[in-house]
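*Asks:* Next one to model:
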Amino acid sequence: MDVRAENCNVFYHIEGGPVAIADVTGKARALFDARRDRVPIAPFTDEDPELGMADGYAVQAELVRLILAEGDSIIGYKAGLTSKPMQRMLGVGQPDFAPDLASKDRERARTWVLAGFTEGLKSPDDTLVFVSPEERAQIREDQAACMGCLSHCGFSSWKDHDDHSTGRLADPRSFCIQKTLQDIAHGAPVDENLMFAGHGAYRFKQDPFYSNNFTPTVKQLVDRILTGD
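*Replies:* Okay, here's the model as predicted:
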């Protein structure tokens, strides 16, 4: 049976025929049933492209109310679309947010905590990164020890001019490239550090100074650089 309601713009197909969705409650119920039955449904915006963020959050709030009424609980909140480039690509101006439900993520959260990831570090995208206490201490130490090797550093928020700050929070998701290069130079495992070269590195093989696999000492290299050749 084709059940239509006034102002209905979405139909949710279930066994026995489509059920009209005319409002927030109907949309939330459709999502609730799809979640329970593990049956995908088409995005509501396929039928109504004018639906926006406010509509989405209204449906989300009603959906969460239905889920909580069945005995679930909220253990936290999560954010998506925290990347500015992704926001621009999708035409939104802010991250999206949703509650974290116990039925879905409680055990995952407990496993994460038991694994030692208990310290939250805020990123410049208004998200949290959870690390171990030891990793947190190391990240903070590395950020404080910034040597200013880049004109703009996302890891420490250093900038080499004006007020010497990028204006963004130091990003714990990054790392100090100066430190990792120095670690490699002093014998640290190559597979645990990043090693890279500048855009002219491809010319290395063409330089007669390094022919026959010659590896100079630091003094020999400095002397060569001072020649200007």
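*Asks:* Quick one: name whatever helix or strand follows the top helix by length along the chain.
*Replies:* The longest helix of the chain (DSSP state H) is helix 53-69. Downstream of helix 53-69, the next assigned helix or strand under DSSP states H and E is strand 74-80.
*Asks:* neighbouring contacts of that next one?
*Replies:* 64, 68, 95-102, 105-106, 109, 126-127 (CB atoms under 8 Å, 6 or more residues apart in numbering). For every residue, glycine as well, the C-beta is placed using N, CA and C.
*Asks:* Can you flag the buried ones in these?
*Replies:* Burial by neighbour count, judged by 16 or more other CB atoms under 10 Å, picks out 64, 95, 96, 99, 101, 102, 109, 127 from these.
*Asks:* roughly how far apart are the closest residue to the fourth one other than its chain neighbours and residue 39?
*Replies:* Using CB to CB, 6 or more residues apart in numbering and skipping the chain neighbours, the partner closest in space to residue 99 is residue 74 (4.5 Å). For residue 74, the distance to residue 39 under the criterion CB to CB, to the nearest Å works out to 24 Å.
*Asks:* List the buried residues in the longest helix of the chain.
*Replies:* Those would be 58, 59, 60, 62, 63, 64, 66, 67, for helix 53-69 by 16+ other CB under 10 Å.
*Asks:* Same question for stretch 126-145.
*Replies:* 127, 129, 130, 131, 135, 136, 139, 142, 143.
*Asks:* Same list (those residues) but as TSV, adding secondary structure, pLDDT and distance to residue 193.
*Replies:* Listed next are these as TSV, based on DSSP: H, G, I helix; E, B strand; the rest coil; pLDDT from 0 to 100; distance: CB to CB, whole Å:
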residue	secondary structure	pLDDT	distance to residue 193
127	coil	80	26
129	strand	89	20
130	strand	92	23
131	strand	95	18
135	helix	95	16
136	helix	94	20
139	helix	93	15
142	helix	91	13
143	helix	91	17
